[in-house]
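# Provide a 3D model corresponding to the input given below.
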Amino acid sequence: MGNTTSSAISKEILEDLKLTTKFTEMEICQWYENFQKQCPTGRISPEEFEEIYARFFPEADAKSYARHVFRSFDTNDDGTLDFKEYIIALHMTSSGKTTRKLEWAFSLFDVDKNGYINKTEVKEICQAIFKLIPEEEQKMLPEDENTPEKRANKLWAYFNKKDNERLAEGEFIKGVIENENAMRLIQYEPVKH
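Sure, this is the predicted structure:
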């Protein structure tokens with residue numbers, strides 16, 4: 001057998017990823033190979049994740065957003081992502097079912113991981129999202145969302161909460177599903193040219 005076992009992805013993980021993501025077996029295996037090359041240890045550090053993420057946003061500063069994404073997917077809090085956490089991260093941020101995606105978005109906004117979102121956390125994520133938006137695009141944003149603070153205020157308003165109140169996961173998901181604008185404000189979709 002030699003060395004094939006360590007470089008091949010386990011059946012279990014493969015099946016699991018095929019179920020939880022829209023990726024094909026070929027794509028997953030391809031990524032796994034690249035993953036092995038880039039991360040011989042089988043673990044991605046926050047720095048490595050930032051580099052990978054930055055490639056998706058060449059014209060912007062993705063650092064702080066990538067750090068939040070990393071935190072939200074480091075489910076076992078060991079400060080690294082393994083292959084499975086990494087693929088799920090890619091899947092969730094690129095596509096994925098709405099509710100799953102919103103559960104993920106909730107954990108992204110729940111900066112201190114206490115199970116609730118407050119307005120300060122919303123501001124922090126809005127600042128990170130803002131850094132993803134190229135300057136040219138920022139200039140074209142509507143007047144009521146052309147700064148991170150305005151974006152946070154506009155988003156928070158959809159949840160009918162006072163500034164000092166907090167938001168549970170169910171309320172967050174419901175608020176976003178019921179407001180298309182909220183859905184747009186919790187993420188940044190690069191403009192397709």
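# from here on, just use CA atoms for contacts and neighbour counts.
Fine.
# would you confirm that Asp144 contacts Ala152?
No. Contact criterion C-alpha atoms under 8 Å: Asp144 and Ala152 do not qualify, at 10.1 Å.
# more crowded one of those two?
Ala152 (22 against 11; other C-alpha atoms under 10 Å).
# hmm, Lys123 and that one touching each other?
Yes. Counting by C-alpha under 8 Å, Lys123 is a contact partner of Ala152 at 5.2 Å.
# list the contacts of Asn179.
Going by C-alpha atoms under 8 Å, 6 or more residues apart in numbering, Asn179 touches Tyr158.
# how close does the closest residue to Tyr32 other than its chain neighbours get to Ser45?
Setting aside the residues directly before and after it, Tyr32 is nearest to Ile9 in space (C-alpha to C-alpha, 6 or more residues apart in numbering), at 6.9 Å. Plainly put, Ile9 is 20 Å away from Ser45 if you go by C-alpha to C-alpha, to the nearest Å.
# returning to what we had before: and the residue nearest to Tyr32, how many residues sit next to it?
16.
# can I see the domain layout of the chain?
Using the TED database, the domain parsing of the chain gives 12-95, 99-192.
# tabulate the ones you listed (TSV), appending mean pLDDT.
Shown next, in TSV, are the domains of the chain (pLDDT from 0 to 100):
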stretch	mean pLDDT
domain 12-95	87
domain 99-192	93
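# those helices in the chain, which residues are they?
Counting by DSSP state H, the segments of the chain that form helices are 4-7, 11-20, 25-38, 46-54, 63-73, 83-94, 98-109, 119-132, 135-139, 148-157, 169-178, 180-185.
# quick one: contacts for Lys63?
50, 54.
# nearest residue to Phe70 other than its sequence neighbours?
Pro46 (6.5 Å).
# which residues touch the one you found?
67, 70, 79-80.
# go with 10 Å
Applying C-alpha atoms under 10 Å, 6 or more residues apart in numbering, we find Pro46 in contact with 52, 63, 66-71, 74, 79-81.
# ok, back up a step: out of the helices of the chain, nearest to Asp163?
helix 119-132 (6.2 Å; C-alpha to C-alpha).
# other SSEs contacting the closest one?
helix 63-73, helix 98-109, helix 135-139, helix 148-157, strand 166-168 (3 or more C-alpha pairs under 10 Å, 6 or more residues apart in numbering; DSSP states H and E).
# mind doing that once more with 8 Å?
Helix 119-132 sits against helix 63-73, helix 98-109, helix 148-157, with contacts defined as 3 or more C-alpha pairs under 8 Å, 6 or more residues apart in numbering; DSSP states H and E.
# okay, the ones you listed in a markdown table with distance to Glu165 next?
Output for the helices and strands packed on helix 119-132, formatted as a markdown table (distance: least, C-alpha to C-alpha, whole Å):
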| stretch | distance to Glu165 |
| --- | --- |
| helix 63-73 | 22 |
| helix 98-109 | 15 |
| helix 148-157 | 10 |
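# identify whichever of these lies nearest to Thr24.
Here helix 98-109 is closest among the helices and strands packed on helix 119-132 (C-alpha to C-alpha), at 18.7 Å.
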